[in-house]
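Participant: sequence and computational prediction follow.
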Amino acid sequence: MIPFLLLTLACTSNGKDTTDTGETTSPDGGTADGGTTDGLVGLSALSAELDPTIGSLVRVSWTQAGSGPVALEYQLDGAWVAAPVQTREAGPQELLIPGIPFDHDTAIRVTADGVLSEELALRTAELPPSIPELSLLTTDPTSYDPSVAYLLLSLNQTGTHYNGPWWTLIVDRQGRVVWALETPDSYSTLWAQPARDGRSLLIDHNSFWTLFDRAATSRIMRIGFDGSELEQFDTPGMGHAFVELPDGRIAWPGNVEGDERLFTIDAKGQTEELWDCGKFMGDLGALEACGANSITYDEASDSVILSFFSSETVLQFDLARGEPSRWFGHVSSDWTFADPDTTFWWQHGAILTAEGTLLLSTRRSETAEETVLREYTLNESTLQLEEIWSFGAGEDLYAPTLGEGHRLAGGNTIQNLGSYARIREVTPSGTVVWDLDLGGARQFVGRSVPMSSLWELAGG
C-alpha cells in the first residue's frame, strides 16, 4: 500500500505561523475569525492533510456555524484551480481534492462569507518506487480530445511479469500519476473500471495468473476513492474481464471445469449462469476452446460483446433473449470479411462504438508481429465486416497480449498496446497527438478507461 504520510499544515502570513487557526484572510489582507463573521457560513477550524491510503489525495476539513456555500481552491502547476462549489450544512465538513500528482507541492484556500482564508501548504506523498516510470513522448493539446483529462488503468510493478504484483493508477494528460492503489499480493488487476454509481471504482483481484488456481478465488472489489473496500463480488473462474450491467449486476466469462460460461452476480451475492460457451461451440461443430479476453456492454442493443482469443472470434450476446445474436471471426458463421486481408487475428478488447461499428486490437496479419486497430462496419444486408478505418500498420509496435481501442467523443481514438505498455491517441487521419510510454515491452497494461473529471469520484 502507499506509505502513510500525514503532514501538519502551516499557513504563513508575513512569517507568522497560523497552522489550523481557523482564521480567515479577507481579500484586502485583513483577518477575521471565520466563526464570528456576519455571514451565514461562519467557517472555522480549517485544516488539510494527506489521505493515509492514497498519498496524492488531500483531505480538507473545516467547521461551519451555519449552512451555505464554501468555495475551495487548490494550487496545481502554479495556478489556482477551483473545486465545485457546494452548499453545505452546519457542522464538520470534509472534502477530498483529487488530481494532484504524487510528489508535488500544493496549497489550499477557501472563501466563505466573502472572506478568503489563508493558504495551507503541503506536498503530496512520493510516488511508490515499485510503480514503473511513465514517459510522455508526444503531446499536442490543440489536437487531442479535450474531454479526456485522465486515464484509469492497471499496470504491473517494475521488474515483474504478467502475474504482477499490480497497481491500479489514474494518470493525467502530462503522464503523471494522480491516484494509485496496489493490488494485494497473489492477485493481478487487468480490467479496472469506474462503477456506474460514479462514486466508486470496480477493481478485479484475479487469481488465475497468480495462484494458478483456475481463478477459484477471483473477485471484484468496489473501492472508494480513498481506497476503502466497500463491497466484494466473488467471480470464480474469471481470468480476464468483467463488466457492470445497468441493473448493477456484474457479468463475467468464467472457466468452470474447463468449460467457459457467462455468469452474473447481483448485490445480494446471487449468481446466475446465462450461457454455456462450450455447448455453443459443440453445437456448431467447432473444436476451438472458449477463452474470453474482454467483455464490454453495448447499451444500444442491451448486449455484451465477448472477444474469444482462443477461437479468434467476437460474439455479441443478447441479454434479453439469453443467447448469442451474431458472431464474427474464425468460428463457423454467416458473417465473412469483405476483404480477407482485413481479417482479425488474436484480437483483444472488442467493442461496439456509438455508431455501431466494431473496433478492436489485432495482429496486422496471421503471422505479423505488429499490432493494429481495425474498425468495421457490420453490413447486415451482405453479412460482411467491411473495414472502414485502421491504425498501426508500419508503426512496428507489437503487443502479444492485452490491448484495446477507445473511440472518443471528438472522433479521435485511443490505442492501448497492452503488453507493450504504450497508450496513444490518434486522429482519424492517423496522426499521433498523445503518446504515453509505460515501460514498453518490459511492462503490461490492463484495460484503460478515459475520464473527464475526478470530482464525482472524490465526492465533490
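Facilitator: Received the coordinates, thanks.
Participant: any idea how far the strand ranked longest in the chain is from the middle of the chain?
Facilitator: Ranked by residue count, the top strand of the chain under DSSP state E comes out as strand 150-161. In terms of Cα atoms, centre = their mean, to the nearest Å, the centre of strand 150-161 is found 12 Å from the chain centre.
Participant: strands paired with that strand, and their directions?
Facilitator: Strand pairing for strand 150-161, determined by DSSP bridges: strand 164-172 (antiparallel), strand 445-451 (antiparallel).
Participant: rounded mean pLDDT for it, please.
Facilitator: Mean pLDDT, strand 150-161: 93.
Participant: same thing with stretch 233-248?
Facilitator: pLDDT averaged over stretch 233-248 gives 95.
Participant: CA-only coordinates of that stretch in CSV, if you can.
Facilitator: This file holds the C-alpha atoms of stretch 233-248, laid out as CSV (Å, rounded to 0.1, in the frame of the first residue of the first chain):
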residue,chain,number,x,y,z
PHE,A,233,-18.2,-9.8,-5.6
ASP,A,234,-16.9,-13.3,-5.8
THR,A,235,-16.3,-14.2,-9.5
PRO,A,236,-14.8,-17.7,-9.6
GLY,A,237,-13.3,-18.7,-13.0
MET,A,238,-12.7,-15.1,-14.0
GLY,A,239,-9.4,-15.0,-15.8
HIS,A,240,-9.5,-11.7,-17.7
ALA,A,241,-12.5,-9.4,-17.7
PHE,A,242,-15.9,-8.3,-16.3
VAL,A,243,-18.5,-5.6,-16.9
GLU,A,244,-21.1,-3.9,-14.7
LEU,A,245,-24.6,-4.1,-16.3
PRO,A,246,-27.2,-1.2,-16.0
ASP,A,247,-29.1,-3.1,-13.3
GLY,A,248,-26.0,-3.4,-11.1
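Participant: in it, what counts as buried?
Facilitator: Buried positions in stretch 233-248, judged by neighbour count with 16 or more other Cβ atoms under 10 Å: 233, 235, 236, 237, 238, 239, 240, 241, 242, 243, 244. The C-beta positions use only the backbone N, C-alpha and C, and glycine is treated the same way.
Participant: narrow those residues to those in strands?
Facilitator: When these are checked against strands using DSSP E, the ones located there are 233, 243, 244.
Participant: the residues you listed into JSON lines, with extra columns for distance to residue 317?
Facilitator: Formatted as JSON lines, these follow (distance: Cβ to Cβ, whole Å):
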{"residue": "233", "distance to residue 317": "19"}
{"residue": "243", "distance to residue 317": "11"}
{"residue": "244", "distance to residue 317": "16"}
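Participant: which one of those residues is nearest to residue 302?
Facilitator: residue 243 (12.5 Å; Cβ to Cβ).
Participant: pretty sure that closest one sits against residue 295.
Facilitator: Yes - shown here, residue 243 and residue 295 form a contact pair, counting by Cβ atoms under 8 Å, at 4.9 Å.
Participant: any residues in contact with both of the two?
Facilitator: Residues touching both residue 243 and residue 295 (Cβ atoms under 8 Å, 6 or more residues apart in numbering) are 251, 252, 304.
Participant: quick one: which of these is most hemmed in?
Facilitator: Of all the shared contacts of residue 243 and residue 295, residue 252 has the most neighbours under the rule other Cβ atoms under 10 Å, reaching 27 neighbours.
Participant: looking at the strands paired with strand 150-161, which is closest to residue 153?
Facilitator: Of all the strands paired with strand 150-161, it is strand 445-451 that lies closest to residue 153, at 4.1 Å by Cβ to Cβ.
Participant: export the closest one as PDB, just CAs?
Facilitator: This file holds the C-alpha atoms of strand 445-451, laid out as PDB (Å, rounded to 0.1, in the frame of the first residue of the first chain):
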ATOM      1  CA  VAL A 445      -1.100  -2.500 -19.200                       C
ATOM      2  CA  GLY A 446      -4.600  -3.800 -18.500                       C
ATOM      3  CA  ARG A 447      -7.700  -2.000 -19.500                       C
ATOM      4  CA  SER A 448      -7.600   1.800 -19.800                       C
ATOM      5  CA  VAL A 449     -10.600   4.000 -19.400                       C
ATOM      6  CA  PRO A 450     -10.700   7.700 -20.400                       C
ATOM      7  CA  MET A 451     -12.100  10.000 -17.700                       C
END
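Participant: sorry, back to before: reformat the strands paired with strand 150-161 as JSON lines; add distance to residue 209.
Facilitator: Below are these laid out as JSON lines (distance: least, Cβ to Cβ, whole Å):
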{"stretch": "strand 164-172", "distance to residue 209": "8"}
{"stretch": "strand 445-451", "distance to residue 209": "11"}
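Participant: and of those, who's closest to residue 226?
Facilitator: Between residue 226 and the strands paired with strand 150-161, the tightest spacing by Cβ to Cβ is seen for strand 164-172, at 13.3 Å.
Participant: what mean pLDDT does that closest one have?
Facilitator: The average of the pLDDT scores along strand 164-172 is 95.
Participant: who's in contact with it?
Facilitator: Applying Cβ under 8 Å, 6+ apart, the contact partners of strand 164-172 are 99, 101, 128, 130-131, 134, 149-157, 177-183, 185, 187-190, 192, 201, 203, 209-210, 436, 446, 451, 454.
Participant: list the buried residues for stretch 65-74?
Facilitator: Neighbour-count burial for stretch 65-74, counted by 16+ other Cβ under 10 Å, picks out 65, 68, 70, 72, 73, 74.
Participant: mind checking pLDDT for the residue nearest to the first one when sequence neighbours are not counted?
Facilitator: The shortest distance from residue 65 to any non-neighbouring residue, by Cβ to Cβ, 6 or more residues apart in numbering, is to residue 42 (2.8 Å). The per-residue pLDDT reported for residue 42 equals 91.
Participant: ditto for residue 366
Facilitator: According to the prediction, residue 366 has pLDDT 94.
Participant: hang on, the earlier thing: could you dump the buried residues of stretch 233-248 to TSV with distance to residue 83?
Facilitator: Formatted as TSV, the buried residues of stretch 233-248 follow (distance: Cβ to Cβ, whole Å):
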residue	distance to residue 83
233	32
235	36
236	42
237	42
238	37
239	40
240	37
241	34
242	32
243	31
244	28
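Participant: relative to residue 415, which of those is nearest.
Facilitator: The shortest approach to residue 415 among those belongs to residue 241, at 18.2 Å (Cβ to Cβ).
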